[in-house]
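Participant: Quick one, what's the 3D model for this:
(chains A and B)
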Amino acid sequence: MSATAQPEVVTRFAPSPTGFLHIGNARTGLFSWLYARHHGGRALLRIEDTDAARSTQEAIDVILDGLRWLGVDWDGHEYYQSQFHARHAEVAHELVAHGHAYRCFMSAEELAAGREKAQAERRPYRVESPWRDGAPAREGPFVVRLKAPREGETVIDDLVQGRVTVQNAELDDMVLLRSDGTPTYMLAVVVDDHDMGVTHVIRGDDHLNNAFRQLAIVKAMGWPEPVYAHVPLIHGFDGAKLSKRHGALGVDAYRDELGILPEALFNYLLRLGWGHGDDEVISKAQAIEWFDLAQVGKSPSRFDIKKLENLNGHYIREADDGRLAGLIAPRTGKLIGRDLATAEIELLVRAMPELKPRAKNLNELAENSTFLFRTRPLDFDEKATQLLAGDSPRLLARAWSALYALDEWSALATEAAVRSTAEAAGVKLGQVAQPLRAALTGRATSPGIFDVLVLLGRDESLARIADRMDGAE
RNA sequence: GGCCCCAUCGUCUAGCGGUCCAGGACGUCGCCCUUUCACGGCGAAAACACGGGUUCGAGUCCCGUUGGGGUCACCA
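Facilitator: Next up is the predicted model:
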């Protein structure tokens, strides 16, 4: 694989299928992918589908689609945690056999009582199972618990968090196998990461505390310790972990509902919590070249939709006209109440150079394109109606005549005609151009009016003007 | 509450002991361009949480305070 003697880097992204790809998880996945790509290693994907109820194929597809759309791929096939349950149990039993874990027969009531007592005495609760020290087995259901170390301390040299130390007395004997024999997440991740050959565990820092307990399993099994990197979570406007409460959306919503381009979200997520000097606009190739965990900040960052949209506007301006037309055609169609014909999509492509500097998301882009396809008589919004009052119908009639007389229908020619109309009428250009805009588009804002004239074509333009001009002239 | 982590403009960040009366970007506010709205250009306001150390010298190192966050399941 790699020609150098460097040990291979294997990262993994392990989302659980909850029905959507949380923006924070997407960033963590992006970081883990970038780390692997930067180091020429492998990026793996594992679906944590242990919770069978939530793990529908549909929920899984949402994640896979979201990642692909973002431009994050993975090496080999995706892994499904649920397929390894037998192996997880096998490891648990091996741990028991070697005295690193034990069968605990404590009932839920006993556990609850202990927890309450600890609470009452205002001291932290730690499971004290008599079976840890070999009490005789009892009848009934049992779980398998890890015999966690109680002396000394555990140190993790985290690539993002630095050296973190925890007293082993803080760790307790966590459940490895439930009473129904199924593995807990704690056991499953450790076993899967080991079996998949994961060298770098890059995940959200909400797992930092778990890392110490998981490391206990790794050590008990005598497996090589992975390198950990716990990246800070994304927070909402109030500084708390981003969640539904903040209206946190899945990646698909940014694509479908907010009209965000994948390269914009990629760039935004990359810059959130990571920086490379003063660089703001960063391509995927540059990201792979520059990215490293060392520059990832330790403090959580807040999600700012304004900056995302600014970046989105940038990428819209850079995007290919045909691509944009294809992306907004369905949206424009929805706005005007019918599908766009092929010729109309071609018109959209031609209009795109004028349309795209004026939009920061695909919805705006679509909205701004509707004037091209509206049928007469146009509907006029309030501002347009105002522009069409007073002297405007008279001015429009004069403009109509000048335009009608044109041999050539171009931006240059129409501009000359409209300018001379204004001059002849003794008014400023704007006094003719604004009513013209209103008559042509139904709105008070639009692309340059001479471009609009050309895009609409001679017949449609003259007809729209005629609709609003003073017929007496 | 215990444990762990964090702390530069409103937000994302640059800064890795002196070149910082702190730089860039978004946002905000002006001005320019201009037929509107954008784009673009120019400019402005805006931050090293606080207190002790260490040092000739601290945004940069150490300690504490305050503030914020994360985590404490037979959930993942």
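
Participant: Name the spans of the stretch 201-350 of chain A whose pLDDT lies under the cut-off.
Facilitator: The model of the stretch 201-350 of chain A has pLDDT under 70 over residues A:247.

Participant: how about 80 then?
Facilitator: A:243-248 (pLDDT under 80).

Participant: That one against RNA strand B: which residues are in contact?
Facilitator: A:205-210, A:233, A:235, A:238-241, A:271-275, A:277-278, A:280, A:295, A:297-302, A:304, A:306-307, A:309-310, A:313-314, A:317 (C-beta under 7 Å from any atom of the strand). Every C-beta, even on glycine, is put in place using the N, C-alpha and C of the backbone.

Participant: what about the closest residue in space to A:Gln167 that isn't next to it in sequence, distance to A:Ser129?
Facilitator: Nearest non-adjacent residue to A:Gln167, counting by C-beta to C-beta, 6 or more residues apart in numbering: A:Glu153, 5.2 Å away. From A:Glu153 across to A:Ser129, the span is 22 Å (C-beta to C-beta, to the nearest Å).

Participant: Which one of those two is surrounded by more residues?
Facilitator: A:Ser129 (20 against 13; other C-beta atoms under 10 Å).

Participant: Let me see the contact set for the more buried one.
Facilitator: Going by C-beta atoms under 8 Å, 6 or more residues apart in numbering, A:Ser129 touches A:102, A:104, A:106, A:145, A:173.

Participant: thinking the last one is in contact with A:Met106, fair?
Facilitator: Translated: A:Asp173. No - when contacts are counted by C-beta atoms under 8 Å, A:Asp173 is not listed as touching A:Met106 (10.2 Å).

Participant: the more surrounded of the two?
Facilitator: When A:Asp173 and A:Met106 are compared for neighbours, A:Asp173 comes out ahead with 23 against 18, by other C-beta under 10 Å.

Participant: which SS class is that one?
Facilitator: coil (DSSP: H, G, I helix; E, B strand; the rest coil).

Participant: For it, which residues are in contact?
Facilitator: Counted by C-beta under 8 Å, 6+ apart, A:Asp173 has contacts A:104, A:127, A:129, A:132, A:145-148.

Participant: how much space is there between it and A:Pro357?
Facilitator: 62 Å.

Participant: ok, A:Gly152 to A:Glu170 distance?
Facilitator: The value you get for A:Gly152 to A:Glu170, if C-beta to C-beta is used, is 11 Å.

Participant: And for A:Trp69?
Facilitator: Counting by C-beta to C-beta - A:Trp69 and A:Glu170 are separated by 41 Å.

Participant: related to what we said a few turns ago, taking the residues of the stretch 201-350 of chain A next to RNA strand B one by one, which sit in strands?
Facilitator: Taking DSSP state E, the ones among those that sit in strands are A:235, A:301-302.

Participant: a markdown table for those residues, including distance to A:Ser420 and neighbour count?
Facilitator: Formatted as a markdown table, those follow (distance: C-beta to C-beta, whole Å; neighbours: other C-beta atoms under 10 Å):
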| residue | distance to A:Ser420 | neighbour count |
| --- | --- | --- |
| A:His235 | 59 | 18 |
| A:Ser301 | 56 | 15 |
| A:Arg302 | 55 | 14 |
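
Participant: circling back to that earlier point, show the buried residues in the residues of the stretch 201-350 of chain A next to RNA strand B.
Facilitator: A:205, A:208, A:210, A:233, A:235, A:241, A:271-274, A:300, A:309, A:313-314 (16 or more other C-beta atoms under 10 Å).

Participant: Closest to A:Leu324 out of the residues you listed?
Facilitator: Using C-beta to C-beta, A:Gly313 is the member of these that lies nearest A:Leu324, at 12.3 Å.

Participant: give me every residue that touches the closest one.
Facilitator: By C-beta under 8 Å, 6+ apart, A:Gly313 lies in contact with A:359-361.

Participant: what do you get for A:Ile288?
Facilitator: Per C-beta under 8 Å, 6+ apart, neighbours of A:Ile288: A:34, A:37-38.

Participant: Would you agree A:Leu146 is in contact with A:Leu176?
Facilitator: Yes - assessed by C-beta under 8 Å, A:Leu146 is found in contact with A:Leu176 at 5.5 Å.

Participant: shared neighbours of those two, anything?
Facilitator: A:95, A:101, A:217.

Participant: I'd like those laid out as a markdown table, including distance to A:Trp400, secondary structure and neighbour count.
Facilitator: Formatted as a markdown table, the shared contacts of A:Leu146 and A:Leu176 follow (distance: C-beta to C-beta, whole Å; DSSP: H, G, I helix; E, B strand; the rest coil; neighbours: other C-beta atoms under 10 Å):
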| residue | distance to A:Trp400 | secondary structure | neighbour count |
| --- | --- | --- | --- |
| A:Leu95 | 87 | helix | 22 |
| A:Ala101 | 88 | strand | 27 |
| A:Ile217 | 81 | helix | 24 |
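
Participant: out of those, who's nearest A:Glu121?
Facilitator: For the shared contacts of A:Leu146 and A:Leu176, the nearest to A:Glu121 is A:Ala101 (28.2 Å; C-beta to C-beta).

Participant: What sits closest to A:Leu365 if chain neighbours are left out?
Facilitator: A:Ala359 is the one closest to A:Leu365 (C-beta to C-beta, 6+ apart), at 3.8 Å.

Participant: Can you tell me how far that neighbour is from A:Asn368?
Facilitator: 6 Å.

Participant: Now do the same contact list for the closest residue to A:Ile60 other than its chain neighbours.
Facilitator: In this structure, A:Ile60 finds its nearest non-sequential neighbour in A:Pro17, 4.7 Å apart by C-beta to C-beta, 6+ apart. A:Pro17 is in contact with A:47-49, A:54-56, A:59-60, A:62-63, counting by C-beta under 8 Å, 6+ apart.

Participant: Near A:Ile345, how many residues? Count them for me, please.
Facilitator: Counted with other C-beta under 10 Å, A:Ile345 comes out at 18.

Participant: The one 5 residues further on too?
Facilitator: The number of residues packed around A:Arg350, counting by other C-beta under 10 Å, is 16.

Participant: List the buried residues for the helix or strand harbouring it?
Facilitator: Using DSSP states H and E, A:Arg350 sits in helix A:342-355. Residues of helix A:342-355 classed as buried by neighbour count (16+ other C-beta under 10 Å): A:344-345, A:347-352, A:354-355.

Participant: Please enumerate the strands of the stretch 1-150 of chain A.
Facilitator: For the stretch 1-150 of chain A, applying DSSP state E, counting those that start in this stretch gives strands covering A:10-13, A:42-47, A:79-80, A:101-104, A:143-146.

Participant: Right, I'll leave it there.
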